[in-house]
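>>> coords please:
(one chain, ligands or ions: 1)
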Amino acid sequence: MKILLRGIIFLLVSLSVPKGYGKGQIPFLQKTGAVTQLIVDGGPFIILGGELGNSSASTIIYMTPVWPKLKALHLNTVLMPVYWELIEKEEGKYDFSLVEQLISEARKNELKVIILWFASWKNSMSSHAPVWIKLNQEKYPRVRDDKGRSHEILTPFSENNLQADLRAFTAFMNFIRDFDGKKHTVIMIQVENEIGMLPTARDYHPEADLAFQKAVPGQLMDYLEGNRDRLMPWLQDVWKNNGFKTSGNWEEVFGKGLEADEIFMAWHFSRFANRIIEAGKEIYPLPMFVNAALNRPNREPGSGYPSAGPLPHLVDIWKAAGPEIDFLAPDIYFPNLKHWCDQYVLQGDPLFIPEHRFDRTAAAKSLYVIGHYAALGFSPFSIESNEDPGNDPLGKSYALINELKPLILSRQVQGMTDGVLLDKENQETVLRMGKYGITFRHDHTLGWSPGAKEEEWPATGAIIIRTGEDEFYVAGSGVVATFRPADDESLNAGILKTEEGRFENGGWKILRHLNGDQTHQGRHLRIPVGDVGIQRMELYIYK
Ligand code: DGJ
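Next up, the predicted model:
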């Protein structure tokens, strides 16, 4: 009763705050035009994140030396697991003291937190389920593969499994609301981790088999019919190849084979996650998302990659079954970042990268995804693994983004920001910004750039912000830009002014007026490899 009353009061308070910029409001997502922003404490926020290694948040002791590293890397947000097996060691008895302490530490370090709910599934397995779940297979059944063997994976077809996770999650959300409802240290929740099915594409538990014989739910058929022309191409093809049937069981509508298996599982995984999220949001409506272990090209679901996760080709299935899921997020460990991001934004959904390999490309990529995709944020995995965080290029990119934050956030909703990502294979990108075409090239395309002759070129990148008809800020490293009028080939574009500087107390402070060799006598803007900085330039058009 007390809990119910608290819920009602909380709901009334949050409903009475006007949509927009209420300071006391729970973090929420706001779409303006094509851009979705995360609003935290009265203003839009960019997640300069890092995800902890899987076991790091399991004790306070282990985390003690980690916090200064996160600060040295200029993070504003840490992605931190909460482990079901540690918060509910005994069935129905919840202990959130570890989480409470970790959130308090985050506050001391001026960090926001994104919780990773490691419960029913973590990388397709159920290793984080409490002992009492693992030992009671009768009540909490496992998936079966096509040989009838069970694995340490909870089946999504069991109501007992769902209710156990749901009870723990609602207890957790009650705790977050009570402990953090005013301070908003926790800004989003990732529910489960890399949901997917291994070692077979679908579950063969008897309950799963039963569901597989049933008709495809009307909710999915309606979605497919209503969005027929804008479905992700793979799904559109699968459905088309079976004659765009509007009723029947899974194999009738999607054909016999791995496609139907994967679509069926995706539907049920998404429904499961959706029910958890729905219940959590009733208590405390933070933005909630799911993340994906990406599929290897030309590999089969269930053996070559975890089947049925929130993958690009399954976006529509996840969205149809999971209206409460705010967005689907890719974990990027493959090199072709653009390819993956393009698919996740194809239907106008926001982009957030909760995990990226913490490699030498991460610094450039963080600039690119914020600039080009107006991403909610970026977050390399195993962020504490860096032994020299003060000198990591990622920290330099994050500091730059932080400095430019007001400008980025105000201009991205007007479509006036973009980004470039360059390396030896992709040496050049042309952007159209207002009345100018700007060609960005890798710094090493200049023959005289030290390192130009090297076998490997570092990934470089920049954010570009247009602040007026002829005014731009370029922030990043290892790029050279040249200009032309976008609409009239017969005219030329030149540089009126280039400055190197920084933002201090909201104002632009010039550190150097750049010209001569630094602009190749007025021919280009350049931030060499090795330098990380911001330049402001004014262009003009002449005959
Ligand atoms: C992706 C997972 O989501 C992480 O939790 C972690 O297991 C990494 N893979 C390891 O590379």
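>>> C-alpha from now on. contacts and neighbour counts both.
Fine.
>>> burial check on V430, number of neighbours?
14 (other CA atoms under 10 Å).
>>> cool, and E251?
E251 - counted by other CA under 10 Å - has 20 other residues nearby.
>>> which helix or strand contains it?
helix 250-254 (DSSP states H and E).
>>> contacts for that helix, please.
212-216, 238-239, 242, 244-247, 257, 260-261, 264 (CA atoms under 8 Å, 6 or more residues apart in numbering).
>>> and with 6 Å instead?
With CA atoms under 6 Å, 6 or more residues apart in numbering as the test, helix 250-254 has contacts from V216, W239, K245, A260.
>>> name the nearest of those residues relative to the ligand.
Using CA to the nearest ligand atom, A260 comes nearest to the ligand of the contacts of helix 250-254, at 25.2 Å.
>>> so where does the closest one fall, helix or strand?
helix 258-283.
>>> ok, then the element right after that helix?
strand 288-293.
>>> do that next one and the ligand meet?
No - Strand 288-293 is not in contact with the ligand by CA under 6 Å from any ligand atom; minimum separation 6.6 Å.
>>> quick one: the helix or strand that that strand is followed by to chain centroid distance?
Following strand 288-293 in sequence order, the next helix or strand is helix 315-321 (DSSP H and E). Between the centre of helix 315-321 and the centre of its chain there are 17 Å (CA atoms, centre = their mean, to the nearest Å).
>>> among the contacts of helix 250-254, name the buried ones.
V216, W239, A260 (16 or more other CA atoms under 10 Å).
>>> against L220, how distant is the second one?
So that's W239. Distance of W239 to L220, computed by CA to CA, to the nearest Å: 12 Å.
>>> ok so, going back, in the helix holding A260, which residues are buried?
258-281, 283.
>>> how about stretch 504-520?
So, applying 16+ other CA under 10 Å, buried residues of stretch 504-520: L514, N515, Q518, T519.
>>> now the terminal residues of stretch 83-98, how far apart.
10 Å.
>>> what mean pLDDT does that stretch get?
The average pLDDT within stretch 83-98 is 98.
>>> flag every buried residue along that stretch.
Y83, W84, E85, L86, I87, E88, K89, Y94, D95, F96, L98.
>>> the fifth one against D95, yeah?
This points to I87. Yes - I87 lies in contact with D95 (CA atoms under 6 Å); the separation is 4.9 Å.
>>> now do the SS call for E403.
With DSSP: H, G, I helix; E, B strand; the rest coil as the basis, E403 sits in helix.
>>> look up how far A374 lies from it.
16 Å.
>>> what comes up buried for whichever strand in the chain runs longest?
The single longest strand within the chain, with elements called by DSSP state E, is strand 492-504. For strand 492-504, burial by neighbour count (16+ other CA under 10 Å) applies to A493, G494, I495, K497, T498, E499, E500, G501, R502, F503.
>>> let's verify the residue nearest to the fifth one when sequence neighbours are not counted: helix, strand, or coil?
Distance criterion CA to CA, 6 or more residues apart in numbering; nearest residue to T498, sequence neighbours excluded, is M537 at 4.4 Å. Of the three states, M537 takes strand according to three-state DSSP.
>>> quick check: bridge partners of the residue nearest to the spatial centre of the chain?
Geometric centre of the chain, nearest residue: F352, 2.0 Å, by CA atoms, centre = their mean. When assigned by DSSP bridges, F352 has beta-bridge partners G377.
>>> ok, now which ones touch it?
F352 neighbours (CA under 6 Å, 6+ apart): A329, A375, L376, G377.
>>> contacts for the helix or strand where A164 lies, please.
Here A164 sits within helix 159-180, counting by DSSP H and E. With CA under 6 Å, 6+ apart as the test, helix 159-180 has contacts from Y140, I276, G280, Y284.
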